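[1] predicted model and sequence below, questions to follow.
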Amino acid sequence: MKRKHNALAIALAGSMWAALALHGHAQTPTANGNPIAPHIYAADPSAHVWPEDPDTLYLYTSVDTPGTNHHASMASYHVFSTRDGSNWIDHGEVLSVDRVNWAVSHAWAIDAVFHEGKYYLVYCMKNLKDGLFSTGLAVSDRPEGPFEDTGVIEGVENGQDPALFIDDDGRKYLYWGYGHRIFGAELNTDLRSIKPETKIELSGQLEDAFEGPWMNKINGVYFLSYPGLPAKKWPQHMYYATAQSPLGPFEPKGKFMEGFDGQAGTNHGSIVKWRDKWVFFYHSAWVSGGNGTNRSLMADFLNLSPDGRFSLASPTRSGIAANGTGRTILRLEAENGRAAGGFLKGATAGADTSGYSGRGYVTNFASFESLVGVSAYLAKPQSMKLNVRYSAPKDTHVFVMVNETNINGGYEAYREIVLKGNEGFADADLGVVDLKAAANLITLASRNESGLKIDYFELIPLP
Ligand code: FUB
């Protein structure tokens with residue numbers, strides 16, 4: 001124990017950060033609107049307002065890997081939320097290919113559903129068995145995840161781009177699509193398999209169908225929306241068709257978004273009613289400047305006429321943000337550990353003290369080798385303000401590291417900070433950190449401070 005302590009003390013003495021004064025930055029709002037979350041390349045947004053919290057809108061998205069020119073490298077999903085359409089939270093990674101034992105790659109489009117008190121991700125990845133897409137189901141007790149895989153939905157072949165719809169009578173339907181083909185089927189009540197006799201290919205009833213189906217029921221009519229290729233020419237346009245029953249027959253109704261400046265080639269998204277307005281969530285290539293595999297999240301209002309037709313929508317800069325203001329921050333819950341791309345070492349998750357956010361906090365920093373790590377995923381290198389929400393019975397020394405690989409007791413670059421003793425949970429400013437593109441590991445260590453509780457870290461864009 002003593003020897004390790006000395007090893008750490010020597011390492012701390014050589015720190016590049018220890019003597020650094022912390023920068024202070026005002027938290028003035030930066031302009032938001034479109035793209036919604038310019039700090040990350042994300043795509044295929046599936047929007048939901050859950051019955052348990054009608055004031056919050058959640059987005060479940062796929063994530064593009066910075067700097068790639070293909071979709072094969074997509075490896076994880078994120079969840080975003082907003083309560084006003086202007087200010088967003090990126091809740092971080094909620095599931096990744098390396099936590100799904102049947103999958104090898106291609107974490108493509110995604111949906112989510114609330115079913116019997118739990119939240120489910122419905123997603124697609126290429127499987128180990130035959131290298132084709134399977135549709136997976138992952139579960140969480142919280143809308144913002146993280147989610148744990150529960151296996152594939154049986155009976156779905158080549159299950160790319162799944163969307164799950166629950167009708168007013170409680171019956172559940174799965175839609176999916178790839179390579180100019182769109183399918184639908186009724187699901188069994190446990191969501192684990194389709195009813196094979198109900199499976200139907202819908203593409204023949206649809207105009208220019210390509211992939212990415214989404215279902216809304218509006219005034220008793222079933223609206224199937226999807227990206228399609230007009231005259232088989234890229235980019236994709238957004239189409240819809242309507243029917244009197246969930247599996248058709250469908251009548252094509254035309255387009256509601258055409259190709260646009262800065263499009264990614266693909267388009268894919270979801271339509272949701274929020275605060276009495278119809279909103280289309282989709283993606284562009286606005287942040288990457290046209291790289292179709294480094295995409296950006298978008299949202300714009302959709303107009304539905306009294307006779308049930310969507311008007312043609314175009315991307316706007318202001319999107320659904322009130323007055324075009326707001327910002328997107330990253331909130332990374334400490335207790336999520338590996339399930340969100342981070343880790344716990346020595347320290348443990350706890351939930352005995354009230355007042356925390358998410359599932360709990362991380363505590364039991366019993367020795368200087370007790371650590372908590374969270375993962376922050378970015379599109380481009382960026383400096384951001386780092387905050388921590390914590391509780392400590394007395395003034396407590398902590399050591400903060402960014403992308404430090406040597407976390408086994410010999411840190412090379414760290415920042416030492418004293419968290420003021422407090423009652424309940426409080427926020428502390430950990431200064432500005434320089435982050436790289438893709439995954440950043442933010443680690444906090446503490447010595448013999450068993451009363452310390454770390455609730456979450458926040459990364460806030462600089463003004
Ligand atoms: O994001 C990967 C793939 O691109 C999706 O699964 C397709 O719908 C297209 O958006």
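    Received the coordinates, thanks.
[2] enumerate the residues of the stretch 201-350 of the chain near the ligand.
    The stretch 201-350 of the chain comes close to the ligand at residues 211, 212, 266, 268, as judged by Cβ under 6 Å from any ligand atom. C-beta coordinates here come from the backbone N, C-alpha and C atoms, glycine included.
[3] list the ones among the residues you listed that fall in strands.
    Residues of these located in strands (DSSP state E): none.
[4] would you map out the domains in this protein?
    31-325, 332-461 (automatic domain parsing).
[5] okay, those in TSV with mean neighbour count next?
    Putting the domains of the chain into TSV (neighbours: other Cβ atoms under 10 Å) gives the following:
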stretch	mean neighbour count
domain 31-325	19
domain 332-461	19
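[6] between these, which has the poorest mean confidence score?
    Of all the domains of the chain, mean pLDDT reaches its minimum on domain 332-461 (a mean of 93).
[7] so what's the gap between that domain and the chain middle?
    20 Å (Cα atoms, centre = their mean, to the nearest Å).
[8] between the two ends of that domain, how far is it?
    Using Cα to Cα, to the nearest Å, one end of domain 332-461 lies 14 Å from the other.
[9] for the stretch 151-300 of the chain, what spans make up the strands?
    163-166, 172-178, 181-187, 200-201, 214-218, 221-228, 237-243, 251-257, 270-274, 277-284, 296-302 (DSSP state E, counting those that start in this stretch).
[10] I meant to write the stretch 1-150 of the chain there.
    Counting by DSSP E, counting those that start in this stretch, one finds strands in the stretch 1-150 of the chain at the ranges 42-48, 57-63, 76-82, 88-96, 103-105, 110-115, 118-127, 133-140, 148-152.
[11] apart from its neighbours in sequence, what residue is nearest residue 178?
    Closest residue in space to residue 178, ignoring its immediate chain neighbours: residue 160 at 3.9 Å, by Cβ to Cβ, 6 or more residues apart in numbering.
[12] OK, contacts around that neighbour?
    Listed by Cβ atoms under 8 Å, 6 or more residues apart in numbering, the contact set of residue 160 reads 108, 109, 124, 133, 176, 177, 178, 211.
[13] residues contacting the fourth one?
    It refers to residue 133. Contacts of residue 133 (Cβ under 8 Å, 6+ apart): 106, 108, 124, 125, 126, 127, 158, 159, 160, 178.
[14] mind running it again at 7 Å?
    106, 124, 126, 158, 159, 160, 178 (Cβ atoms under 7 Å, 6 or more residues apart in numbering).
[15] ok, the first one touching residue 74?
    It stands for residue 106. Yes - at 6.2 Å, residue 106 counts as touching residue 74 under the criterion of Cβ atoms under 7 Å.
[16] can you tell me how far the residue nearest to the spatial centre of the chain sits from residue 271?
    Nearest to the geometric centre of the chain sits residue 78, at 1.7 Å (Cα atoms, centre = their mean). Residue 78 sits 20 Å away from residue 271, going by Cβ to Cβ, to the nearest Å.
[17] also residue 126?
    Applying Cβ to Cβ, the value for residue 126 to residue 271 is 28 Å.
[18] and which of the residues of the stretch 201-350 of the chain next to the ligand is nearest to residue 348?
    Closest to residue 348 out of those is residue 268 (39.9 Å), distances taken as Cβ to Cβ.
[19] could you pull up the contacting residues of that closest one?
    Listed by Cβ under 7 Å, 6+ apart, the contact partners of residue 268 are 43, 44, 109, 212, 227, 282, 283.
[20] could you find the closest non-adjacent residue to it?
    Using Cβ to Cβ, 6+ apart and skipping the chain neighbours, the partner closest in space to residue 268 is residue 212 (4.1 Å).
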